[in-house]
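K.L.:
A structural model of the following input is requested.
(2 chains)
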2 protein chains.
Amino acid sequence: MTRPERLDHPTRQAQILETAARVFTEKGYEKASMLDIARATGLTKAGVYHHIDSKEELLSAIISYGMDLFEHKVLDRTIAMRDPLERLRATLRGHLLLVLRDRPREVTVILHESGALPPQARSRINVRKKRYIRFLESTIRELVMRKIARRVDPTIAAFALLGMVNWTYQWYRPGGRLSEEDLAEAMTDFYLRGLLQPDREGSGGRPAAPRRVGTA
Amino acid sequence: MTRPERLDHPTRQAQILETAARVFTEKGYEKASMLDIARATGLTKAGVYHHIDSKEELLSAIISYGMDLFEHKVLDRTIAMRDPLERLRATLRGHLLLVLRDRPREVTVILHESGALPPQARSRINVRKKRYIRFLESTIRELVMRKIARRVDPTIAAFALLGMVNWTYQWYRPGGRLSEEDLAEAMTDFYLRGLLQPDREGSGGRPAAPRRVGTA
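P.N.:
Now for the predicted structure:
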């Protein structure tokens, strides 16, 4: 994680990355030009090149920044929690709220564009992604060992979590019938019920969020 | 759904669409050229243009074909099932196996590229996607009404399902420790445990698949 203190107070560099992420998401990475980025950020093309050398480097910087945000706002706060159930619950809820609510969502969405990166940058980001997956697997494995979770395969359970979280950007639109908080609570609850032993449901001291039925 | 009888015996047209889907997935839609498609299919460029007018039309045809496959192999077989739990279980399992095992996976993966389509083609495919989402929501709502499922929000539960299923292509590699069938069983089981009332778990007469722990 780089310079965490800057993440709470976005600098000019962070603003450029957030705007560029939005442009890439709207136009597509291949189609978007550095001139599009310059226009959207209110800089000249030379001004953008003062900050960033190339479009590839820009994508790479956005993806690192998205990963910084995730680690700073979620993982660094949960990784040391001793109780594995609280650790998993807080990670899942934090990851959902980051994707749903915090900062331009495009910064986290674009993490999935890492296929367009040159090999070195791609393998750097894959190391960080794998670290998160291993953390999820080992937390789930601990819950299974302690008979808090059912005897699930930790890899399948980890990727079920990532699928639920990462898919939300495909369908969730803020300002509709579901608030970000309601959705994060309901999805966390849904996931944990799939994972935990029946008699552990609702454990952890957090009451289930109210859920509405039949209004979709 | 168009010409379902052709889907079990791929025609030359279907082979071109499957190969093109693979090329688009490997190179990216924007970067791939019609010459790349021609080379991969063993046709001349003129030969490809005999079948398809433009790259956009090709993407549109692949996406329609992916939706045809899904409707023919999954939805048409489950939509009329009377028991809502069996209907949901068979749909989820069938969708997973389609994504994991059947035909070049690229055909189903590329469904998520519909943002690159011109507006008319995009809205045609969105009507078909929405039909599936409404079907999932109404099946889940029926399970809630009959107190087989917990009081979940049908929209959240429907998109949790789609997230789990559609994310598998991001991480699952065939030929590894998990077979397609094991993964489909384990994920279906995981999802239904999240959805159903505790006393309904395991209902439907299908035994839980064996799951391995700690070998990831």
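
K.L.:
after the helix or strand bottoming out on mean pLDDT in chain A, next one along is what?
P.N.:
Across the helices and strands of chain A, mean confidence by mean pLDDT, DSSP states H and E is lowest for helix A:105-109: a mean of 68. Per DSSP states H and E, the first helix or strand lying C-terminal to helix A:105-109 is helix A:119-145.

K.L.:
mind checking how far that next one is from the chain centre?
P.N.:
13 Å (Cα atoms, centre = their mean, to the nearest Å).

K.L.:
Return the list of helices and strands in contact with it.
P.N.:
Secondary-structure packing of helix A:119-145 (3 or more Cβ pairs under 8 Å, 6 or more residues apart in numbering or on different chains; DSSP states H and E): helix A:55-70, helix A:84-100, helix A:154-171. Any C-beta I mention is one placed from the backbone N, CA and C, and that applies to glycine too.

K.L.:
of all these, which lies closest to B:Met164?
P.N.:
Among these, the nearest to B:Met164 by Cβ to Cβ is helix A:154-171 (4.4 Å).

K.L.:
the inter-axis angle of the helix or strand that that closest one is followed by versus helix A:154-171?
P.N.:
Once the chain leaves helix A:154-171, the next helix or strand it forms, by DSSP H and E, is helix A:180-195. Interaxial angle of helix A:180-195 relative to helix A:154-171 (axes from the mean of the first three to the mean of the last three Cα atoms, to 10 degrees): 150 degrees.

K.L.:
mean confidence score for helix A:180-195?
P.N.:
On average, the pLDDT along helix A:180-195 is 93.

K.L.:
for stretch A:140-152, same thing?
P.N.:
Stretch A:140-152 comes out at a mean pLDDT of 95.

K.L.:
again, but for stretch A:26-33
P.N.:
The model assigns stretch A:26-33 a mean pLDDT of 83.

K.L.:
could you dump that stretch to CSV, C-alpha only?
P.N.:
Output in CSV follows, covering the C-alpha atoms of stretch A:26-33 (Å, rounded to 0.1, in the frame of the first residue of the first chain):
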residue,chain,number,x,y,z
GLU,A,26,-17.8,4.9,-20.3
LYS,A,27,-15.9,4.8,-23.6
GLY,A,28,-14.0,1.5,-23.2
TYR,A,29,-10.2,1.5,-22.6
GLU,A,30,-9.3,0.8,-26.2
LYS,A,31,-11.5,3.6,-27.6
ALA,A,32,-10.7,6.3,-25.0
SER,A,33,-7.9,8.7,-26.0
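
K.L.:
mind listing what's buried in that stretch?
P.N.:
Neighbour counts using 16 or more other Cβ atoms under 10 Å in any protein chain shown place A:Gly28, A:Tyr29, A:Ala32 of stretch A:26-33 among the buried residues.

K.L.:
In three-state terms, label the closest residue to the first one other than its chain neighbours for me.
P.N.:
Spelled out, that is A:Gly28. Of all residues not flanking A:Gly28 in the chain, B:Glu30 sits nearest, at 6.3 Å (Cβ to Cβ, 6 or more residues apart in numbering or on different chains). State at B:Glu30, reduced to three classes by DSSP: H, G, I helix; E, B strand; the rest coil: coil.

K.L.:
Adding mean neighbour count and distance to B:Gly42, write the helices and strands packed on helix A:119-145 out as TSV.
P.N.:
As requested, those are arranged in TSV below (neighbours: other Cβ atoms under 10 Å in any protein chain shown; distance: least, Cβ to Cβ, whole Å):
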stretch	mean neighbour count	distance to B:Gly42
helix A:55-70	21	33
helix A:84-100	21	43
helix A:154-171	22	35
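
K.L.:
In TSV: those helices, plus distance to A:Gln197.
P.N.:
Formatted as TSV, the helices and strands packed on helix A:119-145 follow (distance: least, Cβ to Cβ, whole Å):
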stretch	distance to A:Gln197
helix A:55-70	29
helix A:84-100	11
helix A:154-171	13
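
K.L.:
Which among those helices is found nearest to B:Arg22?
P.N.:
So among the helices and strands packed on helix A:119-145, helix A:154-171 is nearest, using Cβ to Cβ, at 22.6 Å.

K.L.:
does chain B sit close to the closest one?
P.N.:
Yes - interface with chain B: helix A:154-171 contributes A:154-157, A:159-160, A:162-168, A:170-171 (Cβ under 8 Å from any Cβ of the partner chain).

K.L.:
any idea of the angle that helix forms with helix A:119-145?
P.N.:
Using the same axes, to 10 degrees: helix A:154-171 against helix A:119-145 is 120 degrees.

K.L.:
Just give me how far helix A:154-171 sits from the chain centre.
P.N.:
Distance of helix A:154-171 from its chain centroid, counting by Cα atoms, centre = their mean, is 10 Å.

K.L.:
list the helices and strands it packs on?
P.N.:
Using 3+ Cβ pairs under 8 Å, 6+ apart: helix A:154-171 touches helix A:84-100, helix A:105-109, helix A:119-145, helix A:180-195, helix B:154-171, helix B:180-195.

K.L.:
now for these, which one comes closest to B:Ala121?
P.N.:
So among the helices and strands packed on helix A:154-171, helix B:154-171 is nearest, using Cβ to Cβ, at 20.3 Å.
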